[in-house]
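Engineer: sequence-free structure coming up:
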């Protein structure tokens, strides 16, 4: 810099040095560090909510995985079996026999307490169907003692995990204060204990009066079949459409129109696809109601735009030099695309697909209209193909249904269901990451 | 390779779905009030018979009946649950689509209760007039019909706590709203003299009845379009809130809610069965007769639903909160004989 003081009368040129921070530079630097701070704060806020969410989900969901069980030995005679099977309400008859046997068992154990069959009934969950299932599957067990672990009622469960306390309990036909004394006595005698709730992971939905019997397994299977339909349909269709649009289609009004429509389709609320599914797949094509096949078809419509948009973006990201080189050594356009461009775009396509699938996995709204939300407790499908057409629910639908039920025990189940849903999602993402690693290439 | 196999398997599944004509499970939809009972029956039905567990959907009485009336065939539902009787217009809509033989089955009664936070202010007794004064759009004040500006319950009834009015009532898509209007708002409107004042002011009787059902829109009365769990959440957050619940829901949540009497009667299965408690309604389901014999287990399901073991006073439905129908035997006969609406009337 020249010395500016030499020239009088003229405004002195600005004095500045790279070694000395002037006001403007300071301001710019401050702005930059402020911006960085904002970014860090934003990330911290995000992390904070993530932690809160995870902790809440895990804490609220854990009770769903354990359950209070009544562990007793029980003998059912052939006559009792025949008698129960002859009734209309067979499961009720089994339950009555069990309660009678348990009364005897309590007297035997020397539990001196006032109780009646009604009290025992209040403590037990709906156990009749477990008993009936067992004896129908194992007729050989008739007439000899079998040890059972049968679920206790949701209120007893709540008493053990702190949801129900002696202070807050309002006596009702569901649970009396005196019942809690019996619960304590049973617990001391080792007849009541905590066990892992396998039924929650493997079972199907249960009636509103039977939270102990509710499981998410069947709806996991339902979600699985839906995702299979979505994957098998939307990936090939989506990739084929984007390759055509990106690599082969002429640029004209018509393809522009298609492009705009695809972008718009990605923003259509999912319930609209549900109505479409009801009108087209069920009412017009007569596909079965409440079937994962229809759910999958509806979700395919929803997922397609996501996959097309991300596939086109990743095809665009492949350098033109790759195409030129392939064409240059004599490859046909199709060879250039399938041998060179597509493999390089694969990681991006997989990412898009997994985002689309994850979105579809968590979707409830369209399922409302095709009959997958409600009480769907068919259990597991009879075979692989039946899995597509037999009525089933899906995980988010199941969670939604549980959250709306009046017995608070179902609320725990809903949280537990969220954990299972997240695990399913993580597993899906894991597969995608492994695949992406395998396809990843550098140029 | 594996990919191709799944693809072809899927294609086969799609074909077999259209080919496999016979749906083997009963398909039910309708009222969210009846849903819990229907789901209990569906589970027990699946456990106790060799038929598959029926699928029960929710969605509201009107939506259920609409789907019910879409026609006859396996892609339509077999049973519609309703928390009110089918309307003549719906019967006509059904008939227009070929659904002519409808069996009406009354499963019992449901009470509608007014409950507040267990530890909140002492709301112990209501009259329909109190509810109307709290949330009606136009109320009587000093002998004149004015816009409702009552801020606290004590403003119009000194026996009630002097806390802010905050009511959570079922939204208009619920069948419960209809009962609430008919059994609480309308009598309340008459009892406070608001209706007489409206008619004196030049309204026809029908217009006055409609005007009686208008609720204030200043935020003191909130429509809940979701389930009772949403109402419960609102009450949890607002100690002064009064919510409208089904009896079964209240009984399941007695540790959080306390109930108020209506016209001096406490709601209970007994007081509802005898008709003493004023705010109750019958619950129904409707069976498509044309599907009996086509859909396996349909008639058995209907019979199972109203059997003494389930819908009787000691059955699981009553245990959950349904008020058992004193004329259950007659209902069982209707189902057994497949008496349809037209032939029955």
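Structural biologist: In hand now; what should we look at? Treat the numbers as computed from the prediction; the structure is a model and nothing was measured.

Engineer: tell me if the host helix or strand of residue A:42 is near chain B.
Structural biologist: Residue A:42 is part of helix A:23-61 when elements are defined by DSSP states H and E. No - with Cβ under 8 Å from any Cβ of the partner chain as the threshold, helix A:23-61 lies outside contact range of chain B, at a closest distance of 14.7 Å. In short, each C-beta sits where N, CA and C put it, glycine included.

Engineer: next one: the helix or strand just after that helix to chain centre, how far?
Structural biologist: The element immediately downstream of helix A:23-61 (helix or strand, assigned by DSSP H and E) is strand A:66-74. If you compare the mean C-alpha spot of strand A:66-74 with that of the full chain, they lie 29 Å apart, counting by Cα atoms, centre = their mean, to the nearest Å.

Engineer: which parts of the helix holding residue A:42 are buried?
Structural biologist: By neighbour count, with 16 or more other Cβ atoms under 10 Å in any protein chain shown as the criterion, the buried positions of helix A:23-61 are A:57, A:60-61.

Engineer: who's in contact with residue 325?
Structural biologist: Answering for chain A, as no chain was given. If a contact means Cβ atoms under 8 Å, 6 or more residues apart in numbering or on different chains, then residue A:325 has residue A:340 as its contacts.

Engineer: other chain: chain B
Structural biologist: When contacts are counted by Cβ under 8 Å, 6+ apart, residue B:325 is found next to B:106-109, B:282, B:311, B:331.

Engineer: so who does the residue nearest to residue A:64 when sequence neighbours are not counted touch?
Structural biologist: The shortest distance from residue A:64 to any residue other than its chain neighbours is 2.5 Å, reached at residue A:416 (Cβ to Cβ, 6 or more residues apart in numbering or on different chains). Counting by Cβ under 8 Å, 6+ apart, residue A:416 makes contact with A:61-65, A:200, A:216.

Engineer: among those residues, name the buried ones.
Structural biologist: So, by 16+ other Cβ under 10 Å, the buried ones in the contacts of residue A:416 are A:61, A:63-65, A:200, A:216.

Engineer: domain map for chain B?
Structural biologist: With domains defined by automatic domain parsing, chain B comprises B:22-109+B:282-344, B:111-280.

Engineer: and the pLDDT for residue B:107?
Structural biologist: pLDDT, residue B:107: 92.

Engineer: list phi and psi for it.
Structural biologist: Main-chain torsions, residue B:107, degrees, to the nearest 10: phi -100, psi -20.

Engineer: that one: neighbouring residues, count only.
Structural biologist: The number of residues packed near residue B:107 is 26, by other Cβ atoms under 10 Å in any protein chain shown.

Engineer: which positions within stretch A:329-344 qualify as buried?
Structural biologist: Within stretch A:329-344, the residues that count as buried by 16+ other Cβ under 10 Å are A:331, A:336-337, A:340-342, A:344.

Engineer: any idea how far apart the tips of that stretch sit?
Structural biologist: Taking Cα to Cα, to the nearest Å as the measure, stretch A:329-344 stretches 18 Å from start to finish.

Engineer: cool, stretch B:300-316 as well?
Structural biologist: One end of stretch B:300-316 to the other measures 18 Å (Cα to Cα).
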